[in-house]
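> Below are the sequence and a predicted model for it; my questions follow.
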Amino acid sequence: MQEDIKRHLDASIPNHITLTEAQKRKIILEASNQMQNKRTKLPSMPLIVSVAIISLSFFLVISYIQNRLEKDLTQLFEENLMDVIIPDSPYTSLIRSIYVDETKEMIYTDWNGIYSYSVDTNSKEILVEPKEESRIHQIAVNENWLAWEEIATSTLSVLNRNSNELIEQSNTHVGDIILQDDTLLIMDIFNSDNDNFMGYRAIDLHAMKQRNIHDFTGNGSHSLAAVNDNLLVVPEEIESEGETRVKFYLYNIKENTLIGEYEVPYEMAQFVTLTDNKIFAQLSNEDENSHLGYIDLESGKLHEIKAPPFSEYAVFDDYVALSINVKDTTTVKLYQIEDNELKELPAFKNVSERLVRPRFTEDGTLIVNGEGEQRTMYLQDVNSP
């Protein structure tokens, strides 16, 4: 009987949970004791009734195991949930904040300056001095570099966070800024030195050499590009046989080569993300609900994930955070992908306020913003459970 329980225990453990043999033995022993207690209370009875009672006890023990696993999993998520409150900061700044795993800091802008908040020391640092006339539109940051666009002066600035050296490029308008290690990727809308090019360009931040990667040829896109492991995917909406379709262009950043093109039968792709050797996107046609899908880069095939209706998503490996409808509002829930279906995970169980704006870091930290009075931000490490 214990072997049956062990087989069911192994089958019940989620993929992201690792139990030692000692932990498994403890659960099985507790489950066996539960069954033994039920047996000792049984009076003598015919064999067929005894078998039925034993079978019922087995299923009760299995239920005990499932409840125990769910309780342990909930505790693991709670232990790896961090709340961050940055005082005297506007919500419009926090909603766009970026978390840097390596330095454990939140980076954000109030449009006039750029700031760092350490979640370890609860201290604030000014990275870019605020100026009344500044209009900082967007930022990108990692542990070594900080890049931002100053739209009032049409200036792209890059700060080396180790040496404090500042590099500026004037007369430039960019629609997107992405940092990949020591490479800055920008969506170049206008550059006085190369005004015929519109697309994505790479800048080696050590050598300050620029090269064009992708020249726009379609009708624009509802999503920015995405980067992961030196791969860049650029979505575009193109006309194909009289219909609008989304096409993804995949590039190797280091080699500056196009390595794949993928067309999908949808008019719009939003929140395009590269992770786990897949291109994820929120896909839709006009007047239709959104679908969550991905292109497997090994097979080139499009797969759709069975998901509840959602307005926004974020993905890291096989974890998906969705903004879904709950009663008369929306909130964020965390799921794991299993056979292209979503299994809900017990994250944010004890968070009562509405959660919005899910986004993952490259290392797998999920950030969501709370809309309670303190405007708390929650950091959930999905690697630890």
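On my side now, so go ahead.
> Run through the residues that contact residue 375.
By Cβ atoms under 8 Å, 6 or more residues apart in numbering, residue 375 lies in contact with 85-86, 89, 91, 94, 369. In short, each C-beta sits where N, CA and C put it, glycine included.
> With secondary structure and neighbour count added, can I get those residues in TSV?
Conversion of those to TSV gives the following (DSSP: H, G, I helix; E, B strand; the rest coil; neighbours: other Cβ atoms under 10 Å):
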residue	secondary structure	neighbour count
85	coil	15
86	coil	20
89	coil	17
91	helix	9
94	helix	21
369	strand	23
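> For those residues, give me JSON lines that also has pLDDT and distance to residue 282.
Below are those laid out as JSON lines (pLDDT from 0 to 100; distance: Cβ to Cβ, whole Å):
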{"residue": "85", "pLDDT": "97", "distance to residue 282": "30"}
{"residue": "86", "pLDDT": "97", "distance to residue 282": "29"}
{"residue": "89", "pLDDT": "93", "distance to residue 282": "29"}
{"residue": "91", "pLDDT": "94", "distance to residue 282": "24"}
{"residue": "94", "pLDDT": "96", "distance to residue 282": "23"}
{"residue": "369", "pLDDT": "98", "distance to residue 282": "19"}
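> Distance to residue 329 for the residues you listed - can I get that in JSON lines?
Listed next are these as JSON lines, based on distance: Cβ to Cβ, whole Å:
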{"residue": "85", "distance to residue 329": "22"}
{"residue": "86", "distance to residue 329": "24"}
{"residue": "89", "distance to residue 329": "24"}
{"residue": "91", "distance to residue 329": "17"}
{"residue": "94", "distance to residue 329": "19"}
{"residue": "369", "distance to residue 329": "14"}
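> ok, residue 186 - contacts?
Here residue 186 is in contact with 156, 174, 176-178, 200-201, 203 (Cβ under 8 Å, 6+ apart).
> Go again with 10 Å.
Listed by Cβ atoms under 10 Å, 6 or more residues apart in numbering, the contact set of residue 186 reads 140, 147, 149, 156, 169, 172-178, 199-203, 210, 213.
> where's it relative to residue 168, distance?
14 Å (Cβ to Cβ, to the nearest Å).
> Need the pLDDT of the residue nearest to residue 229 when sequence neighbours are not counted.
With sequence-adjacent residues excluded and distances taken as Cβ to Cβ, 6 or more residues apart in numbering, residue 229 is closest to residue 274, at 7.7 Å. On pLDDT, residue 274 comes in at 98.
> Same question for residue 11.
Here, the pLDDT recorded for residue 11 equals 58.
> Neighbours of residue 367, how many?
Residue 367: 21 surrounding residues under other Cβ atoms under 10 Å.
> who are the neighbours in contact with the residue nearest to residue 265 when sequence neighbours are not counted?
Excluding the flanking residues, the one nearest residue 265 by Cβ to Cβ, 6+ apart is residue 245, at 6.5 Å. Residue 245 makes contact with 218, 236-239, 263-269, according to Cβ under 10 Å, 6+ apart.
> what bits of this structure have low per-residue confidence?
Within the chain, the stretches with pLDDT under 70 are 1-73, 190-195, 385.
> Where do the helices of it begin and end?
Applying DSSP state H to the chain gives helices spanning 2-12, 21-40, 47-79, 91-94.
> what residues does the last one touch?
With contact meaning Cβ under 10 Å, 6+ apart, helix 91-94 is reached by 84-86, 106, 108-111, 114-115, 117, 357, 369-371, 375-377.
> 7 Å instead?
Contact with helix 91-94 is made by 86, 108-110, 369, 375, 377, as judged by Cβ atoms under 7 Å, 6 or more residues apart in numbering.
> quick one on the thing from earlier: beta partners of the residue nearest to residue 265?
Counting by DSSP bridges, residue 245 forms beta bridges with residue 238.
> Please tell me how far it sits from residue 226.
The spacing between residue 245 and residue 226, counted by Cβ to Cβ, is 19 Å.
> what do you get for residue 103?
Residue 103 sits 23 Å away from residue 226 when distances are taken as Cβ to Cβ.
> who's more crowded, the two?
Neighbour totals were compared for residue 103 and residue 226, and residue 226 leads with 20 against 16 (other Cβ under 10 Å).
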